[in-house]
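**Q** Below: sequence and its predicted model.
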Amino acid sequence: MSVDQATVRRIAHLARIAVKDEDVPHLQQELNAILAFVEELGAVDVDGVEPMTSVIPMKMKLRPDAVTDHAGADVIVANAPAREDNFFTVPKVVE
Amino acid sequence: MTQLNEFTLAQARDAIASKQVSAVELTQAHIAAIENARALGAFVVETPDQALAMAAAADARIAKGEAGPLEGLPIGVKDLYATKGVHTQACSHILDGFKPAYESSVTANLWRDGAVMLGKLNMDEFAMGSSNETSFYGPVASPWLPAGWSAEKARAAAATKDKKGLLVPGGSSGGSASAVAARLCLGATASDTGGSIRQPAAFTGTVGIKPTYGRCSRWGMVAFASSLDQAGPIARNVRDCAIMLRSMAGYDPKDTTSVDAPVPDYEKAIGASIKGRKIGIPKEYRVDGMPEEIDALWSRGVEWLRAAGAEIVEISLPHTKYALPAYYIVAPAEASSNLARYDGVRYGLRVAGRDIQEMYENTRAEGFGPEVRRRIMIGAYVLSAGYYDAYYVRAQKIRTLIRRDFETAFAAGVDAILTPATPSAAFGIGEKTNADPVEMYLNDVFTVTVNMAGLPGLAVPAGLSKDGLPLGLQLIGRPFDEETLFSLAQVVEDAAGRIDLPKPWWS
């Protein structure tokens, strides 16, 4: 399978990465090189094979549903590029 | 007396224990070595004040007789481990200024045992790369030089921004490998998603182990592909790796995939007899176009293990050739999901836009480098509606088949598997960056199967190429049988003889 330029733009949007028009052709080429590389997987017989969901077989661990650590709001927002008091701030979302 | 930074980790530990040297003296020697080696680009942040404070505290504990297993031993930390209050950016622009309010479990374990942090080590951005050339902080040079290079020529190249012509240390743990090989730290933390510990170890003549998935906690490590990522050490010999892994490993309730099993004293496995151990040689690893010197190295490794009493058997791992393509579906898929969190809101870089959507897109376009953008986009594609079953589910099924190949070999009595670590010796900086991305991916052809199956794998130097560069062998073990790998690797290390690390041309 290979991707066309419209698909490259669609994927970039899905991935929330702005792409300049002049970058689309070489991105298309690079993505197609990778997709060509993985093409041979289509030849493998996977009938009746379960997909791997756990790397090392183990029982899912449970823990009590309780607050285990809470550093405080100041700490949580400390690395924010933009904040007001203990809030993250972003461009207006709802008009 | 040897310069203090030339000690191996075990020698330094013994020198501290016998009061020949203090933690502060040992740390000062390493701080000086790092300052003189900035041309290599191995460290992105140096923390000398913190190191000296930790060393002084270590000396105080030693004086009180409360020394831990790594007391006073200075090490480097790959930039993807969260270190409280210290630069932690996975060498990405998008994490600009990020200083975590918490400590990763693996580094916390190291500090608990007395180790001293010298600083943060360069790496490929988000651990995506095999040459340390995708770092936002620039490439790392290997201390090893191309054939015929003088120290003057190397210093001139190292002084340039792109360091062209010098050799890559491998990646993604390139800073870790380069710093250890250049004796800037006694050992370093690294991480391995497809070969990022073992390939740089092989390129720099150092030893690296990726333990079994679940052996080390991933909590506080910047995530790349969560079902493949695993922490591990790079050090200058097998024993040093064993010592470091014992401290790094262990159960952590904060990582649900961390395994609740006791951590053995891996150092005790060093020197154990390998008589009668069954070593598998997988015929599928004899790939097309493999250089003769890699093949010869592999054959020598087989002979060394045989001479030490191991039984050598040919085995078949029929799905080997599908591991790398399947990896380039699974890893980008998980990466696209893990890296969705970098949106310019909670931490790191923000690039303004007309609305929030454009702010996300601008931030991610500027914050991620080209390789990371490429992998996120591949991941978004293979997970998108209509393609999920054809790509992602199929790749996960192939992963089951890859693991089954190994299980079949182990069920037949094989204790460990011997393969080359990499398909070639180190290449030059800039040599592969403009090529097809797939060419770079082929570096991991021998290592990636191990991540796909969750097994432990160790790279140990075994000889030199015709150009005088280190070449490594890889040992693959049963789940949680790192001890066998250490025993076997020590046999290889002893048989290969001393591989002298390069003299410091960089200072």
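**A** Sure thing, it's come through. Residues are numbered from 1 along each chain as shown, chains lettered A, B, ... in the order given.
**Q** Number of residues surrounding the residue lying closest to residue B:295 once chain neighbours are set aside?
**A** Nearest residue to residue B:295, sequence neighbours excluded (CB to CB, 6 or more residues apart in numbering or on different chains): residue B:286, at 7.2 Å. Just so you know, the C-beta spots here come from the backbone N, C-alpha and C atoms, and that holds for glycine as well. When counting by other CB atoms under 10 Å in any protein chain shown, one arrives at 13 neighbours for residue B:286.
**Q** Show the pLDDT at residue B:286.
**A** As predicted, residue B:286 sits at a pLDDT of 92.
**Q** And chain B, is the helix of greatest length in chain A touching that?
**A** Looking across chain A with DSSP state H, the single longest helix is helix A:24-38. Yes - using CB under 8 Å from any CB of the partner chain, we find that helix A:24-38 touches chain B at A:27, A:30, A:31, A:33, A:34, A:35, A:37, A:38.
**Q** isn't there a helix covering residue B:234?
**A** No - read with DSSP: H, G, I helix; E, B strand; the rest coil, residue B:234 is strand and lies in no helix.
**Q** Is it in contact with residue B:201, as I believe?
**A** Yes - the criterion here is CB atoms under 8 Å, and residue B:234 meets it with residue B:201 at 5.4 Å.
**Q** the more surrounded of those two?
**A** In terms of neighbours (other CB under 10 Å), residue B:201 is the more surrounded of residue B:234 and residue B:201; the figures are 38 against 34.
**Q** check contacts around the more buried one.
**A** Applying CB atoms under 8 Å, 6 or more residues apart in numbering or on different chains, we find residue B:201 in contact with B:170, B:177, B:207, B:208, B:234, B:421, B:459, B:460, B:461, B:472.
**Q** Apart from its neighbours in sequence, what residue is nearest it?
**A** Closest to residue B:201 by CB to CB, 6+ apart is residue B:208, at 3.2 Å.
**Q** Next SSE downstream of the longest helix of chain A?
**A** helix A:73-77 (DSSP states H and E).
**Q** May I see the buried residues of that next one?
**A** Buried residues in helix A:73-77, counted by 16 or more other CB atoms under 10 Å in any protein chain shown: residue A:77.
**Q** what's the spacing between that helix and its chain's center?
**A** Put simply, helix A:73-77 sits 25 Å off its chain's centre (CA atoms, centre = their mean, to the nearest Å).
**Q** neighbouring strands for the helix or strand following that helix, and are they parallel or not?
**A** Sequence-wise, the next helix or strand downstream of helix A:73-77 (DSSP H and E) is strand A:83-84. With DSSP bridges as the test, strand A:83-84 is paired with strand A:87-88 (antiparallel).
**Q** tell me the contacts of residue B:36?
**A** Residue B:36 is in contact with B:504, B:506, B:507, counting by CB under 8 Å, 6+ apart.
**Q** Was I right to think the residue nearest to residue B:201 contacts residue B:189?
**A** No - the pair residue B:208 and residue B:189 does not pass the contact test of CB under 8 Å, sitting 10.7 Å apart.
**Q** Give me the common contacts of those two.
**A** With CB under 8 Å, 6+ apart as the test, residue B:208 and residue B:189 both reach B:232, B:233.
**Q** Return the subset of the contacts of residue B:201 lying in helices.
**A** residue B:177.
**Q** So which of the contacts of residue B:201 sit within strands?
**A** B:207, B:208, B:234, B:459, B:460, B:461, B:472 (DSSP state E).
**Q** For the fourth one, the count of nearby residues, please.
**A** Residues contacting residue B:459 under the criterion other CB under 10 Å number 33.
**Q** The first one now?
**A** Using other CB under 10 Å, residue B:207 is surrounded by 31 other residues.
**Q** Now do the closest residue to it other than its chain neighbours against chain A, distance only.
**A** Closest residue to residue B:207 apart from its sequence neighbours, by CB to CB, 6+ apart: residue B:241 at 4.8 Å. Counting by CB to the nearest CB, to the nearest Å, the gap from residue B:241 to chain A is 21 Å.
**Q** Report whether residue B:241 is found in a strand, as I expect.
**A** No - read with three-state DSSP, residue B:241 is helix and lies in no strand.
**Q** which regions of the stretch 351-500 of chain B lie under the pLDDT threshold?
**A** B:435 (pLDDT under 70).
**Q** all strands for it, in order.
**A** Here the stretch 351-500 of chain B has its strands, by DSSP state E, counting those that start in this stretch, at B:416-420, B:457-464, B:470-477.
**Q** Which pLDDT value does the model give the residue nearest to residue B:201?
**A** So residue B:208 comes in at 98 (pLDDT).
**Q** At which residues are the helices of the stretch 251-400 of chain B located?
**A** B:292-307, B:320-338, B:356-367, B:370-382, B:394-411 (DSSP state H, counting those that start in this stretch).
**Q** Export those to TSV and append columns for mean neighbour count.
**A** Formatted as TSV, the helices of the stretch 251-400 of chain B follow (neighbours: other CB atoms under 10 Å in any protein chain shown):
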stretch	mean neighbour count
helix B:292-307	17
helix B:320-338	24
helix B:356-367	20
helix B:370-382	24
helix B:394-411	20
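**Q** Share the number of residues neighbouring the closest residue to residue B:369 other than its chain neighbours, please.
**A** Distance criterion CB to CB, 6+ apart; nearest residue to residue B:369, sequence neighbours excluded, is residue B:125 at 5.0 Å. Residues within reach of residue B:125, counting by other CB under 10 Å, total 30.
**Q** got a pLDDT number for residue B:125?
**A** Value for residue B:125, per-residue pLDDT: 98.
**Q** Do I have it right that it meets residue B:368?
**A** Yes - between residue B:125 and residue B:368 there is a contact under CB under 8 Å: 7.4 Å.
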